[in-house]
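Peer 1: Just a sequence and a predicted model for now, questions to come.
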Amino acid sequence: MRYARIETSSGLRWARIDPVQGDGRAELLSVAPWLGGALTGETITFEEDALRAPVSPRKVLCIGRNYAAHAKELGNEPPKEPLLFLKPSSSIIGPFERVVLPRQSERVEHEAELGVIIGVRAKDVSAADAMKHVFGYTCVCDVTARDLQKKDGQWSRAKGFDTFCPVGPWIEADLDPRDLRVACRVNGQTKQDGRTRDMIFDVPALIAYCSAAMTLEPGDLLVTGTPEGVSPLSDGDRLEVEIEGIGVLSVSIKKS
């Protein structure tokens, strides 16, 4: 089953979508599904452009250099343990919105990634128990000002600009994350094309590692790293992140 946030005549609402039906209909929920959202009995018909970011996390936890080929393309050694950083929730945008290129940077790049939504509070969980704490999965782009990343040494500014975390188009709750295709296209041209089986640290390992450092709350977003092929973005570009079993997240790029 898929879950989404949709702009409706009564405001922004959480909804459940049956992917088998594929008819643009959604059943509205009382609150976010990981908070126990119940069906309200209301059904709506929606257009794609009514979809909004399907997350509202307290934390966005990200993993750097989790694919060996990506670490190599940036001239880095693969990490011996997960490389954890945070993006602010203010960086999140949804489908069909715009990534804004900041004037402070001369090189902004895309990083297509699998996003994991936490469904059950997790603290000091083992890798063996980690998947019990997952609600579902979505597409994410960890947009990065590469020149600022190198200049600053730490990554908060380079990865934290407003609009630097596109998420969507929805959450897929019934999915095995172990071997999914992760692709990124810019103006229809494939730039990244990898598989989650090539992660250095898999989803259970990442949840265990992160939960040992901080409590993961329902609705938190864990972004799991990007395959090789990152490239610069320019004003007017159309960016698409596609993950097998989820769908396509599409956004545009504009200058500030």
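Peer 2: Nice, thanks for sending it over.
Peer 1: got a list of what the nearest residue to residue 177 once chain neighbours are set aside touches?
Peer 2: Of all residues not flanking residue 177 in the chain, residue 203 sits nearest, at 5.0 Å (Cβ to Cβ, 6 or more residues apart in numbering). For the C-beta atoms, the positions are set from N, CA and C on the backbone; glycine is no exception. Taking Cβ atoms under 8 Å, 6 or more residues apart in numbering, we find residue 203 in contact with 114, 116, 130, 131, 134, 177, 178, 196, 222, 224.
Peer 1: Please put the alpha-carbon coordinates of the helix or strand harbouring the second one into PDB.
Peer 2: Secondary structure assignment for residue 116, by DSSP states H and E: strand 112-118. Once non-C-alpha atoms are left out, strand 112-118 reads as follows in PDB (Å, rounded to 0.1, in the frame of the first residue of the first chain):
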ATOM      1  CA  ALA A 112      19.600   9.900  -5.800                       C
ATOM      2  CA  GLU A 113      18.900   7.900  -2.700                       C
ATOM      3  CA  LEU A 114      16.500   5.400  -1.100                       C
ATOM      4  CA  GLY A 115      14.700   7.000   1.900                       C
ATOM      5  CA  VAL A 116      13.500   5.000   4.900                       C
ATOM      6  CA  ILE A 117      10.700   6.300   7.000                       C
ATOM      7  CA  ILE A 118      10.800   5.200  10.700                       C
END
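Peer 1: Quick check: which helices or strands does it pack against?
Peer 2: Here strand 112-118 touches strand 134-141, strand 181-186, helix 203-213, strand 221-223, strand 238-243, going by 3 or more Cβ pairs under 8 Å, 6 or more residues apart in numbering; DSSP states H and E.
Peer 1: now with 6 Å?
Peer 2: Counting contacts by 3 or more Cβ pairs under 6 Å, 6 or more residues apart in numbering; DSSP states H and E, strand 112-118 packs against strand 134-141, strand 221-223.
Peer 1: Show me the helices in this protein, by range?
Peer 2: Counting by DSSP state H, the chain has helices at residues 68-73, 146-152, 156-160, 203-213.
Peer 1: Mean pLDDT and distance to residue 81 for these - can I get that in a markdown table?
Peer 2: A markdown table is the format used below for these (pLDDT from 0 to 100; distance: least, Cβ to Cβ, whole Å):
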| stretch | mean pLDDT | distance to residue 81 |
| --- | --- | --- |
| helix 68-73 | 94 | 13 |
| helix 146-152 | 97 | 20 |
| helix 156-160 | 98 | 19 |
| helix 203-213 | 98 | 7 |
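Peer 1: Out of these, flag the one nearest residue 187.
Peer 2: Between residue 187 and those, the shortest gap by Cβ to Cβ is with helix 146-152, which sits at 19.2 Å.
Peer 1: In that closest one, which residues are buried?
Peer 2: Buried residues in helix 146-152, counting neighbours by 16 or more other Cβ atoms under 10 Å, are found at 146, 147, 148, 149.
Peer 1: Can you tell me the centre-most residue of the protein?
Peer 2: A centroid search over the chain (Cα atoms, centre = their mean) returns residue 140, at 2.5 Å, as the residue closest to the centre.
Peer 1: On the strand side of things, show who the nearest residue to that residue once chain neighbours are set aside bridges to.
Peer 2: Distances taken as Cβ to Cβ, 6+ apart place residue 115 nearest to residue 140, at 3.9 Å, with adjacent residues excluded. With DSSP bridges as the criterion, residue 115 is bridged to residue 138, residue 223.
Peer 1: and residue 217, how many neighbours?
Peer 2: Per other Cβ atoms under 10 Å, the neighbour tally for residue 217 reads 15.
Peer 1: next one: residue 59
Peer 2: The local packing of residue 59 (other Cβ under 10 Å) involves 18 other residues.
Peer 1: So what's the predicted local confidence for it?
Peer 2: Per-residue confidence (pLDDT) for residue 59: 98.
Peer 1: quick one, strands of the stretch 51-200 of the chain?
Peer 2: Under the criterion DSSP state E, counting those that start in this stretch, the stretch 51-200 of the chain contains strands at 51-52, 60-64, 83-87, 92-93, 98-101, 108-109, 112-118, 134-141, 144-145, 165-172, 181-186, 189-195.
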